[in-house]
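J.: here are the coordinates; sequence isn't available:
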Ligand code: ATP
């Protein structure tokens, strides 16, 4: 691979807090090393529609504390087609870009790998930016820590009102395929039970557990339900439980998109900076088709093909066991 001289950076898929600190690190590390940088708007859409602009050190001033992404993001169907990829390639070549940093989740990496296998003259490095914390090759993904803290703050407030009225709250948190946020938030907020996409929960067992809480005179209870739980939706679940658990008034709270917003935590600011810095250094070192990850507090590169072929992300077994023990 020839020496890199101009890089493009984009954010794609769902936005995640920490993307902005990461963009800042990519831009400034590249400039520091004498590379030119182009910001690509709305992920792969900007590549196809040639929506790009040159970035300077001041283009990324005062963004460390901002949630979302200054480059905007999109889900772009045309990039899944050969025609869309070809149009994107022609625009990238015309800009003189020879390296790309793509920040996003597994869909983003699938698109990036395909693009770079077809056009190997464009080097590509991926950065895991998703609140779901579900990518192989990195213990943490960008945005997960902030999103979990946001959930904790919301549930602490729900707990105040639940406690005042002897209520049982079912709280839905994000995670269609991943229970990572639900599990961490559940441990942090003292949830009675956590329902996850990775694990089926018997409703009668849940009811038994909640009734036991009633008899132990618990003044409030929180049940966390990840979006992707297979029990048939939070409202029906709450209705079914209410029929059996009569001493509590059961309420439902769906946290929704507020979980994606807000200022990135210290952890995500440092992680984003670290990953952005490492991604540019990887491109300079001649790497391509790799993902930057954090393992045992060290930056590690994993081939994108490997990161994508391992869907066996496992929730921590000790955390799962702790939920029952700590809610007696
Ligand atoms: P999140 O985890 O937040 O959902 P993601 O990166 O997985 O993020 P997706 O919408 O799945 O989000 O993917 C982002 C973009 O990547 C898609 O909109 C599309 O442009 C591109 N992409 C996804 N899959 C492919 C594919 N098979 N071929 C080409 N491009 C793809």
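T.: Nice, thanks for sending it over. This is a predicted model, so every value here is computed, not measured. Numbering: from 1, shown residues only.
J.: and the strands in the stretch 1-150 of the chain?
T.: With DSSP state E, counting those that start in this stretch applied, the stretch 1-150 of the chain shows strands at 6-11, 36-40, 52-54, 99-104, 123-128, listed in chain order.
J.: using a markdown table, please lay out those strands together with mean pLDDT, mean neighbour count and distance to the ligand.
T.: Yep, even glycine has a C-beta here, placed from its N, CA and C like the rest. Output for the strands of the stretch 1-150 of the chain, formatted as a markdown table (pLDDT from 0 to 100; neighbours: other Cβ atoms under 10 Å; distance: least, Cβ to the nearest ligand atom, whole Å):
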| stretch | mean pLDDT | mean neighbour count | distance to the ligand |
| --- | --- | --- | --- |
| strand 6-11 | 98 | 26 | 9 |
| strand 36-40 | 98 | 23 | 12 |
| strand 52-54 | 98 | 15 | 16 |
| strand 99-104 | 98 | 29 | 4 |
| strand 123-128 | 98 | 29 | 9 |
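J.: pLDDT weak spots in the stretch 151-300 of the chain?
T.: For the stretch 151-300 of the chain, no stretch has pLDDT under 70.
J.: just the strands in it please.
T.: 167-173, 193-195, 221-226, 249-254, 290-295, 298-303.
J.: how's the chain carved up into domains?
T.: The chain breaks down into these domains under automatic domain parsing: 6-143+264-309, 145-260.
J.: returning to that earlier point: ok, which of the strands of the stretch 151-300 of the chain comes nearest residue 274?
T.: Using Cβ to Cβ as the measure, strand 298-303 is the one of these that comes nearest residue 274, at 6.4 Å.
J.: show me which residues of the helix or strand following that closest one are buried.
T.: Downstream of strand 298-303, the next assigned helix or strand under DSSP states H and E is helix 304-309. Neighbour-count burial for helix 304-309, counted by 16 or more other Cβ atoms under 10 Å, picks out 304, 307, 308.
J.: coming back round to it: just say which of the strands of the stretch 151-300 of the chain is most tucked in.
T.: Across the strands of the stretch 151-300 of the chain, averaging neighbours per residue (mean count of other Cβ atoms under 10 Å) puts strand 221-226 on top, at a mean of 26.
J.: who's in contact with it?
T.: Applying Cβ atoms under 8 Å, 6 or more residues apart in numbering, the external contacts of strand 221-226 come out as 155, 158-159, 162, 168-175, 178-179, 181-182, 185-186, 189-197, 206, 210, 213, 231, 234, 237, 248.
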